[in-house]
Each structure stands twice: as C-alpha cells, then as structure tokens.
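K.L.:
Structure for the following, please:
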Amino acid sequence: MQHKIDPGHEEKRAVLRVFGVLILAAGIIITIIAFADLIVSGSSFKMPHYAWLAFIGIPLMGVGSALCKFGFMGSVARYSAGEMAPVGKDTFNYVADGTKDSLKGVAQAVGSGLAAGMGAAGTGQQSAAKVRCHKCNQLNAAAAKFCSQCGAALLKTKACPSCGELNDPDSKFCDNCGSAFSE
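P.N.:
Now for the predicted structure:
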C-alpha cells in the first residue's frame, strides 16, 4: 500500500463532502425562502418577514460551495486529467508527425553547417579563411569587405588561439572556451 502524507485524508474528505453538501443545501433553501417572502410581500404590499434570511443563506451557500470544492477536488482533477490526457497525447503526436520532416531538415542543415565550419582535417578548429558578420552571423570569405547576406561592413574577427572559434574583434575572452586574448 502506498504511504500517504496524511493518514486521515479519507475521513477528512468524507466529512468535507457531507458537510459541504448539507451546508450548501441549507443555504439554498434559506435563500429561496428569503427571496420568496420578498416576492410575495412585494406583490401584496406587505412588509417582508423573512427577507433577512438571505443574509444567512447566501454566506452558507458560499461556505458549502467551498467545502464541496475541497471535498470533491481530487475526483474532479482525476476526471479532468482523464479527459485532457488523451487530447494532449493526440495533439502532441499530430504536431510531432507534422514536424518530423522539418526537424530532419533542420538537423541536416545544422550538420552541414557544422561540417562546413570544420577544418579540412576535421580537427574541430574553424577555418581561418572566413569572417563572421557581426550583424547577421553569416560566414563570409576572409577577403570580403561587406556581408554577402545583409550587406553590413565586415570587421575582421579574432580567431581563438586555443580552439579556433571566431570572436568579435573587441572580445577579451573566447566565446567558446573562455581563453583570454592577449592584447
């Protein structure tokens, strides 16, 4: 049997359910009596005798509703989860099926981009023959003065002596490995 935090949980829930329903029903009945007296006395131009009961019935309805809420909360949550879980699963599967090919395409593009950034020997160091645009991050030929993607003027980047990562010209530390640049 599963260990529960509060061993008296079942009894407390039963009490909340019983008293919640009883107090809610009493509040409804008292409020109906109060409003019925108000309506009857209004049509016969007599002073209402039980209209004051509304000041008792309406708060009782609020207390009874709150007790019912806590008494039936677990059941409602389990029912809601049982209704929502299949819909969520179906939605996730629909989205996954619809984006599977797109994700493969993105993964291939990233893979080919990483392969293009690798040195000829595959050592993990990026080629020094490229300059990164500071505006759009497009890699351009080292001799280029303007970005081939966005047209921005290209500033020469610093290649990290430790890992070969291209960094901004004013960088003091490498974006990839954190090595300090000597000034």
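
K.L.:
Quick one: list the elements packing against the lengthiest helix in the chain.
P.N.:
Ordering each helix of the chain by length in residues (DSSP state H) puts helix 54-117 first. Contacts defined by 3 or more Cβ pairs under 8 Å, 6 or more residues apart in numbering; DSSP states H and E place helix 54-117 against helix 9-43. From N, CA and C alone the C-beta is placed, and that goes for glycine too.

K.L.:
Next, the buried residues of the helix it packs on.
P.N.:
Using 16 or more other Cβ atoms under 10 Å as the test for burial, helix 9-43 gives 13, 16-17, 20, 23-24, 26-27, 30-31, 34-35, 37-38.

K.L.:
before we move on, back to that, distance from the longest helix of the chain to the middle of the chain?
P.N.:
Per Cα atoms, centre = their mean, to the nearest Å, the displacement of helix 54-117 from the mean C-alpha position of its chain is 10 Å.

K.L.:
about what we covered before: switch the buried residues of helix 9-43 over to CSV; also include distance to Ala107 and pLDDT.
P.N.:
Compiled in CSV, the buried residues of helix 9-43 are given as follows (distance: Cβ to Cβ, whole Å; pLDDT from 0 to 100):
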residue, distance to Ala107, pLDDT
Arg13, 50, 90
Leu16, 53, 93
Arg17, 53, 94
Gly20, 54, 95
Ile23, 60, 96
Leu24, 57, 96
Ala26, 64, 97
Gly27, 61, 97
Ile30, 67, 96
Thr31, 64, 96
Ala34, 69, 93
Phe35, 67, 93
Asp37, 74, 91
Leu38, 71, 89
